[in-house]
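K.L.:
Okay, predicted coordinates and the sequence, questions at the end:
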Amino acid sequence: MIRTRLTARYHLTHPILSAPMALASGGALAAAVSRAGGLGFIGGAYGDAAWIMRAFQEAGGARVGCGFITWKLAETPELLTRVLERRPAALFLSFGDPAPFADQIATAGVPLICQVQTLRDAQHAADVGADVIVAQGAEAGGHGEKRATMTLVPEVADWLAVHAPDVLLLAAGGIADGRGLAASLMLGADGVLVGSRLWASTESLAHPEMVKAAIAATGDDTIRSTVMDVARGLNWPARYTARVLKNAFTDRWHDDPGGLLRLAETEAARWSAAWEAGDVEVANTFVGEVAGLIRGCEPAGEIVRAMATEAEALLQGFSGA
Ligand SMILES: Cc1cc2nc3c(=O)[nH]c(=O)nc-3n(C[C@H](O)[C@H](O)[C@H](O)COP(=O)(O)O)c2cc1C
């Protein structure tokens, strides 16, 4: 077994957390990851209270956490109180300033995990009291920024070692197997946050056609873009883009977001209908560069255990050399 500060502090078997993925990480996925010895997260995302409460029920009493998109939570802060009442294993904030929420989470005695995309935001997260920082590189599926996992993780690790040594660090973005887990530990992380690889699991709520498209794709087939958010009418802050599979929609609009805005009404309706239908040529599949490493859709518990077993063998191989 791989023992790290993360497994010790949160009593985990494996140093693996599943990402709180919008519209994909429901209670079943989160619970499966926790039951396999990692820690699973419900994707509270844009803050649909009924959906989130149902997800907690579906987790069936498993110890799971919940994540929010921070800039969106700021529009309905009362939702945080409702989720904290459910005693989540941890509260995960990403994409925005965690400061307005940090005290309430600390008072509830719930660990705060902040996902960041820059060193500056990691420093800020540590300053406001994050217990765990997730350094997310641009390889990641879904929203993020520009820095690469390979340099962001060790840079944040070095800063934390000097200025906030009790704050744990996770790597995110591009981790799909034991190689990614072992490499992350070598970069100075205490564990990993896995999104796309667990998005392609039997418990995920992702549309099966989208999972099929991701399995068929390579990392070359992804792009970071904003056109999906324009189509959905979501007011994401300009610094964030999202990684998705390229398709006819991104081919047409990626370099012409102004044109998309002019046709927003019809294109939004077309995109949303395609999302419901799993039409991957119009609606974009949210997945990271690890699309090129996803070869099937297995139960989440198997994915977690295989990742840990492979990493352990790799790390032992090096220690014996
Ligand atoms: C389908 C999908 C949806 C996501 N939704 C969210 C979200 O709602 N909130 C969040 O903090 N991160 C979200 N992410 C990003 C993850 O938190 C994580 O950083 C990312 O998946 C890690 O990179 P990987 O996909 O290469 O594993 C999402 C990722 C994917 C693939």
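P.N.:
Done, it's in. Numbering: from 1, shown residues only.
K.L.:
Give me the mean pLDDT for stretch 183-199.
P.N.:
For stretch 183-199, mean pLDDT is 99.
K.L.:
Compute the first-to-last residue distance for that stretch.
P.N.:
21 Å (C-alpha to C-alpha, to the nearest Å).
K.L.:
Okay, residue 311 and residue 169: tell me how far apart.
P.N.:
Separation of residue 311 from residue 169 (C-beta to C-beta, to the nearest Å) stands at 16 Å. All C-beta spots, glycine's among them, are computed from the backbone N, C-alpha and C.
K.L.:
Break the protein down into its domains, please.
P.N.:
If you go by automatic domain parsing, the domain ranges for the chain are 5-203+299-319, 208-289.
K.L.:
show me where the stretch 201-321 of the chain has strands.
P.N.:
Residue ranges of the strands in the stretch 201-321 of the chain, as given by DSSP state E, counting those that start in this stretch, are 222-225, 241-245.
K.L.:
now, of the ones you listed, which is deepest in the fold?
P.N.:
Among these, ranked by average contacts under mean count of other C-beta atoms under 10 Å, first place goes to strand 241-245 (a mean of 23).
K.L.:
wait, what's in contact with whichever residue of the stretch 101-250 of the chain sits closest to the ligand?
P.N.:
Nearest to the ligand, among the residues of the stretch 101-250 of the chain, is residue 195, at 1.8 Å (C-beta to the nearest ligand atom). Residue 195 is in contact with 18, 19, 21, 140, 141, 142, 172, 288, counting by C-beta atoms under 8 Å, 6 or more residues apart in numbering.
K.L.:
how many other residues sit next to residue 84?
P.N.:
Residue 84 has 18 neighbours, counted by other C-beta atoms under 10 Å.
K.L.:
nope, residue 75 is what I meant
P.N.:
Residues near residue 75, counting by other C-beta under 10 Å, number 10.
K.L.:
right, and it touches residue 47 too?
P.N.:
Yes: contact criterion C-beta atoms under 8 Å: residue 75 and residue 47 qualify, at 7.3 Å.
K.L.:
sorry, back to before: winner for burial among the domains of the chain?
P.N.:
Compared across these, domain 5-203+299-319 shows the largest average neighbour count, a mean of 21 (mean count of other C-beta under 10 Å).
K.L.:
Span of that one from start to end?
P.N.:
Start-to-end span of domain 5-203+299-319 (C-alpha to C-alpha) is 19 Å.
K.L.:
Just give me how far that domain sits from the chain centre.
P.N.:
Chain-centre distance of domain 5-203+299-319: 7 Å, with C-alpha atoms, centre = their mean, to the nearest Å.
K.L.:
what helices or strands is the helix or strand bottoming out on mean pLDDT in the chain leaning on?
P.N.:
Each helix and strand of the chain was given a mean pLDDT (mean pLDDT, DSSP states H and E); the minimum falls on helix 257-262 at a mean of 92. For helix 257-262, the packing partners by 3 or more C-beta pairs under 8 Å, 6 or more residues apart in numbering; DSSP states H and E come out as helix 227-232.
K.L.:
quick check: mean pLDDT across the helix it packs on?
P.N.:
Here helix 227-232 scores 94 as its mean pLDDT.
K.L.:
Repeat that for stretch 139-150.
P.N.:
On average, stretch 139-150 scores 98.
K.L.:
can you dump the C-alpha coordinates of it into CSV?
P.N.:
Output of stretch 139-150 as CSV, limited to C-alpha atoms (Å, rounded to 0.1, in the frame of the first residue of the first chain):
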residue,chain,number,x,y,z
GLU,A,139,-4.0,18.8,-19.4
ALA,A,140,-7.2,18.4,-17.3
GLY,A,141,-10.6,17.8,-18.6
GLY,A,142,-13.2,20.4,-18.0
HIS,A,143,-12.4,23.9,-16.8
GLY,A,144,-8.9,25.1,-16.0
GLU,A,145,-6.2,27.4,-17.1
LYS,A,146,-2.8,27.4,-18.8
ARG,A,147,-0.1,26.0,-16.4
ALA,A,148,1.1,22.4,-16.9
THR,A,149,0.9,19.8,-14.1
MET,A,150,4.5,18.9,-14.5
